[in-house]
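Sequence plus the predicted model coming up.
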Amino acid sequence: MSTDAKHVWGPLTEGLNIPRDLDLGDRARALDQLGVTPGAHRALVGRVNETLPQRDAALLVSSRLWPVLAHRMHRMAQQGVPFAAHLARIAPDTAAWRDGPPSGITARLLLAAHHALTTPLDQALPTGPRVSTTAARSRSTTTVPDTAPPKQPAPTEPAESAHRRQTAPAPRQGHGR
């Protein structure tokens, strides 16, 4: 699995098929790997420029993760979903993603765009981070319920207590003579 494919894994890729050898360093190749043709890419960039303020659109399209969002928007367009209407919800100057340090503005914009594209138009956008059950399960450290066959029944003879068992002497530690 490529480094980019590992790093991009998370909320932005939920519901998308990301190639294991994704290369975000080469934008044209990444778009091709994700099934976005050059013509479709031009159309997507045009719609984003029409929908968002110039500064926001430029920031979104120039981000390293843009091909992943372009892939999602391309799929929405193929399914007849008005992705521009979804995206327009992050345009207001009062949008929650605008609050915070300037150094994190790109990450907040990408996440806001993802939320806008994945939240139905009749629902309000989340104001905080949304928990992805799929991503949470994939990163969970808890164990899966045990599906092993039941254990053998306990022996009927009483076990000998540990202090009465004969054991072999412990192997010598350290240097031999």
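Yep, that arrived.

Tell me how many other residues crowd Ser62.
10 (other CB atoms under 10 Å). Quick note: C-beta positions are derived from backbone N, CA and C, even for glycine.

what does Ala91 give?
With other CB under 10 Å as criterion, Ala91 counts 13.

count of residues packed around the closest residue to Leu87 other than its chain neighbours?
Nearest non-adjacent residue to Leu87, counting by CB to CB, 6 or more residues apart in numbering: Thr51, 5.0 Å away. Per other CB under 10 Å, the neighbour tally for Thr51 reads 18.

ok, Thr51 touching Ala88?
Yes: Thr51 is in contact with Ala88 according to CB atoms under 8 Å; the separation is 5.1 Å.

Contacts only, for the residue nearest to Leu87.
Neighbouring residues of Thr51 by CB atoms under 8 Å, 6 or more residues apart in numbering: 57, 84, 87-88, 91.

What is the nearest of the residues you listed to Ile105?
Ala57 (13.5 Å; CB to CB).

List the residues that contact Leu34.
Taking CB under 8 Å, 6+ apart, one finds 18-19, 22, 67-68, 70-71, 74 in contact with Leu34.

State the distance from it to Pro67.
6 Å (CB to CB, to the nearest Å).

before we move on, what about Leu24?
Leu24 is 6 Å from Pro67, by CB to CB.

in stretch 90-109, what counts as buried?
90, 95, 97, 105, 108-109 (16 or more other CB atoms under 10 Å).

Got the phi and psi for Leu52?
Backbone torsions of Leu52, given as degrees, to the nearest 10, read phi -100, psi 160.

How much space separates it from Leu59?
Relative to Leu59, Leu52 is positioned 9 Å away (CB to CB).

same thing with Asn49?
Asn49 is 12 Å from Leu59, by CB to CB.

Adding secondary structure, pLDDT and distance to Leu121, write the buried residues of stretch 90-109 out as TSV.
Rendered in TSV, the data for the buried residues of stretch 90-109 read as follows (DSSP: H, G, I helix; E, B strand; the rest coil; pLDDT from 0 to 100; distance: CB to CB, whole Å):
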residue	secondary structure	pLDDT	distance to Leu121
Ile90	helix	83	13
Ala95	coil	74	16
Trp97	helix	76	18
Ile105	helix	84	25
Arg108	helix	85	21
Leu109	helix	85	20
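
ok so, going back, okay, and the common contacts of Leu24 and Pro67?
With CB under 8 Å, 6+ apart, Leu24 and Pro67 have common neighbours Ala30.

Settle it for me: which of these two has more neighbours?
The neighbour comparison of Leu24 against Pro67 (other CB under 10 Å) goes to Pro67, with 27 against 20.
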